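> Generate coordinates for the sequence data below:
(one chain, ligands or ions: 2)
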Amino acid sequence: MYKVVEYRDVITSKDADTQKRYSMIEKLSRDFTIENKIALEMDRLLVEQLQLEHDLPASSATKSIAEKKTAKKSAKDVDEIFQELFDALKKHQGHPINEEAVRELVQTELDDIRLGFQNLNDEVKKVLSSQQQIIRYELPAAVTTSFRRPTIPTFQQIVDDVVLGNNVMLVGGAGTGKTYLAEHLISKIALGRQHITINCSQWTSPTEIIGGQTMDGYVEGKLIEAWTNGYVLILDELPKIDPNTAGLFNDALAKTKIHNAVIFNARKESFTKHEHFACIATGNIYPDKESVIYGANNKQDLSLLDRFAGSVYFIEKNPTIEREILQNDLVWSISDRMRTAIEELKYEAQVSLRFMQNARDSYNLEMQRLKTKAKGGVEASDGKTFKSTLDSYISTFTEIQQSNIKGKIRYTDLFSNYEYREFDKDKNAY
Ligand SMILES: Nc1ncnc2c1ncn2[C@@H]1O[C@H](COP(=O)(O)OP(=O)(O)OP(=O)(O)O)[C@@H](O)[C@H]1O
Ligand SMILES: [Mg+2]
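Numbering: from 1, shown residues only. Ligands and ions are numbered 1, 2, ... in the order given. Below you'll find the model as predicted:
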């Protein structure tokens with residue numbers, strides 16, 4: 001009855017697993033006079049394996065057998081097989097076969113069976129497939145207008161991040177150009193998108209973020225506006241926000257790149273994301289700790305910081321950009337010399353691009369007045385000058401500090417006698 005008997009001679013040369021199966025079939029079939037389904041099934045499989053091993057390489061043959069075997073024995077079949085086996089045993093009155101021993105034997109064999117997705121029946125497969133979540137990341141086409149690319153080393157990476165739907169954080173000292181970069185260069189010039197800015201501070205309220213009732217009725221939050229209209233949400237000076245308030249961004253910023261993601265406003269109304277929604281935060285520090293120099297910056301929750309992981313850029317002072325923007329090397333070189341002095345003296349202060357621009361504007365006004373002096377009007381030295389701008393800046397230091405800074409920038413030569421007026425504005429003063 002058992003085909004494998006024909007292979008009795010070759011079995012001894014086979015691997016341990018095959019030999020084990022063969023001996024099980026022998027044990028199961030011994031003394032049986034009626035059909036034993038388990039033994040028959042095992043017999044069929046083993047014969048199939050032995051036949052295949054003649055034609056195919058061992059590994060693929062074993063694999064195909066394993067697949068067939070697992071495919072045959074679904075949980076339901078096994079129960080049925082057990083039942084039939086025990087029924088048969090009961091009918092076999094007075095025979096010394098031990099039910100427990102057979103159960104153990106069969107169980108040992110079944111333990112080796114590994115079920116894969118392909119072995120499940122169609123109904124189960126369908127249910128499991130419907131549980132699978134398809135997450136679609138949107139990669140909106142970047143609308144880039146033609147413009148002169150700023151000489152900011154990481155500029156392209158930041159644009160890429162926004163297009164990919166990554167939240168960006170720009171970190172750097174005061175007046176290094178973070179806000180301008182986010183609002184103007186990235187959002188408007190590079191991507192042609194509108195932006196909406198939340199100027200973060202400890203007073204920033206949930207109303208400004210997700211909306212709320214005001215004296216004038218319900219006002220929608222800026223996060224919701226940006227989300228639905230596809231604006232770039234600029235979180236200016238994010239580290240200054242109260243960490244609890246910042247938590248309101250967590251949900252949305254976790255879904256920046258998820259197509260059609262939904263968030264809720266203060267009235268629990270739902271809003272679907274516009275494909276162009278993006279978020280750029282700026283800050284003087286990376287807010288994973290309190291700052292001594294930038295006192296108003298708070299240590300923010302790690303969950304918020306994780307929303308920006310991989311897209312944090314440190315925007316440092318950049319002399320090339322500064323000179324390009326200022327178009328006045330004289331003002332730049334004096335400002336830069338002062339910045340170096342402050343750094344060397346380890347004073348807690350910044351000489352920002354913003355200051356340099358103000359100094360440059362004063363210089364231009366002063367020079368304008370000098371030129372038109374003949375026509376009357378304000379005396380150049382009575383109005384705002386490069387010197388008065390610098391004096392104002394230096395006056396914020398202590399007296400000792402002032403004299404140290406002045407010493408380092410050759411103040412007396414350059415300013416006491418307005419020597420700088422004689423210099424070419426396109427030339428370095430040093
Ligand atoms: N690439 C640029 N081209 C022209 N002007 C720029 C550029 N970058 C910055 N600026 C100017 O420099 C000044 C400082 O820039 P900005 O306000 O963006 O600095 P910030 O890093 O945001 O400073 P803060 O930390 O104090 O907010 C602004 O007047 C801005 O207009
Ligand atoms: Mg700023």
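> Enumerate the residues of the chain near ligand 1.
150, 172, 174-180, 282, 284, 321, 325, 353-354, 357 (C-beta under 6 Å from any ligand atom). In this view, the C-beta of every residue, glycine as well, is placed from N, C-alpha and C.
> top of the residues you listed by neighbour count?
Greatest neighbour count in the residues of the chain next to ligand 1, by other C-beta atoms under 10 Å, goes to Thr282: 27 neighbours.
> Just to check, it is in contact with Val168?
No. Counting by C-beta atoms under 8 Å, Thr282 stays clear of Val168, with 9.2 Å between them.
> so what's in contact with those two at the same time?
Common neighbours of Thr282 and Val168 (criterion: C-beta atoms under 8 Å, 6 or more residues apart in numbering): Ala182.
> sorry, back to before: tell me which of the residues of the chain next to ligand 1 fall in strands.
In strands, defined here by DSSP state E, the members of those are Thr282.
> which of the residues of the chain next to ligand 1 lies closest to Glu41?
Closest approach to Glu41 among the residues of the chain next to ligand 1 (C-beta to C-beta): Thr282, at 70.0 Å.
> need the contact list for the residue lying closest to the closest one once chain neighbours are set aside.
Using C-beta to C-beta, 6 or more residues apart in numbering and skipping residues adjacent in sequence, the residue nearest Thr282 is Lys178, 4.1 Å away. Contact partners of Lys178, counting by C-beta under 8 Å, 6+ apart, are Leu170, Val171, Gly172, Thr282, Gly283, Ile315.
> So for the closest residue to Lys289 other than its chain neighbours, what's the pLDDT?
Leaving aside its sequence neighbours, Lys289 sits nearest to Lys299 (C-beta to C-beta, 6+ apart; 5.4 Å). Note for Lys299: predicted pLDDT of 88.
> What of Thr18?
For Thr18, the predicted pLDDT is 81.
> Could you do Tyr294 as well?
Note for Tyr294: predicted pLDDT of 72.
> can you confirm it is in a strand?
No. Read with DSSP: H, G, I helix; E, B strand; the rest coil, Tyr294 is coil and lies in no strand.
> these two touch, right, it and Ile285?
Yes. Between Tyr294 and Ile285 there is a contact under C-beta under 8 Å: 5.4 Å.
> and for those two, which residues touch both?
Pro239.
> starting at the chain centroid, how far to stretch 404-414?
47 Å (C-alpha atoms, centre = their mean, to the nearest Å).
> Show me what counts as buried in it.
Across stretch 404-414, burial judged by 16 or more other C-beta atoms under 10 Å covers Asn404, Ile405, Lys406, Ile409, Tyr411, Leu414.
> what's near enough to touch the last one?
By that I understand Leu414. Contacts of Leu414 (C-beta under 8 Å, 6+ apart): Ile334, Tyr420, Ala429.
> Lowest pLDDT pick from those residues?
Ala429 (88).
> So what's the residue count around Glu220?
Glu220 has 17 neighbouring residues, counting by other C-beta under 10 Å.
> Apologies, that question was intended for Asn244.
10.
> so which helix or strand takes in it?
Assigned by DSSP states H and E, Asn244 belongs to helix 243-253.
> State the mean pLDDT of that helix.
pLDDT averaged over helix 243-253 gives 95.
> Thr18 against Leu46, yeah?
Yes. Look at Thr18 against Leu46 with C-beta under 8 Å: they come within range, at 6.9 Å.
> More neighbours: which of these two?
Per other C-beta under 10 Å, whichever of Thr18 and Leu46 has more neighbours is Leu46, with 23 against 20.
> buried sites along whatever helix or strand Asp9 lives in?
Using DSSP H and E, Asp9 sits within helix 8-11. Within helix 8-11, the residues that count as buried by 16+ other C-beta under 10 Å are Ile11.
> what do you get for stretch 225-233?
So for stretch 225-233, counting by 16+ other C-beta under 10 Å, buried means Glu225, Ala226, Trp227, Thr228, Tyr231, Val232, Leu233.
> tell me the contacts of the residue nearest to Lys289?
Going by C-beta under 8 Å, 6+ apart, the list of residues near Lys299 reads Pro243, Pro287, Asp288, Lys289, Glu290.
> Could I get these in CSV, plus columns for neighbour count?
Listed next are the contacts of Lys299 as CSV, based on neighbours: other C-beta atoms under 10 Å:
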residue, neighbour count
Pro243, 14
Pro287, 25
Asp288, 11
Lys289, 11
Glu290, 12
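> Show me which of those residues is closest to ligand 1.
Using C-beta to the nearest ligand atom, Pro287 comes nearest to ligand 1 of the contacts of Lys299, at 13.4 Å.
> Tell me where the protein has strands.
168-171, 195-199, 212-214, 217-219, 232-236, 262-264, 270-272, 278-283, 312-314.
> Sheet partners, orientation included, of the fourth one?
On the basis of DSSP bridges, the sheet neighbours of strand 217-219 come out as strand 212-214 (antiparallel).
> just how off-centre is the strand it pairs with within its chain?
Counting by C-alpha atoms, centre = their mean, strand 212-214 comes out at 32 Å from the chain centroid.
> Residues contacting that strand, please?
Taking C-beta under 8 Å, 6+ apart as the rule, strand 212-214 contacts Ser205, Pro206, Thr207, Tyr218, Val219, Gly221, Ala266.
> buried residues in it?
Buried residues in strand 212-214, counted by 16+ other C-beta under 10 Å: Gly212.
> thinking again about what came up before, pick out the most distant pair among the contacts of Lys178.
Distances among the contacts of Lys178 were taken as C-beta to C-beta; the most separated pair is Gly283 and Ile315, at 10.3 Å.
> Identify the contacts common to those two.
Shared contacts of Gly283 and Ile315 (C-beta under 8 Å, 6+ apart): Leu170, Val171, Lys178.
> burial of Ala296, as a residue count?
Neighbours of Ala296 (other C-beta under 10 Å): 12.
> er, Ala349 I mean
Around Ala349 there are 17 residues (other C-beta under 10 Å).
> who touches it in this structure?
Per C-beta under 8 Å, 6+ apart, neighbours of Ala349: Ile342, Thr396, Phe397.
> Also Tyr2?
Ile25, Ser29, Ala39, Leu40, Asp43.
> Check Ser333 too.
Ser333 sits in contact with Asn428, Ala429, Tyr430, where contact means C-beta under 8 Å, 6+ apart.
> tell me the contacts of the last one?
If I follow you right, that is Tyr430. Counting by C-beta under 8 Å, 6+ apart, Tyr430 has contacts Ser333, Arg337, Arg410.
> Could you rerun that using 10 Å?
Contacts here follow C-beta atoms under 10 Å, 6 or more residues apart in numbering; on that basis Tyr430 touches Leu330, Ser333, Ile334, Asp336, Arg337, Ile409, Arg410, Leu414.
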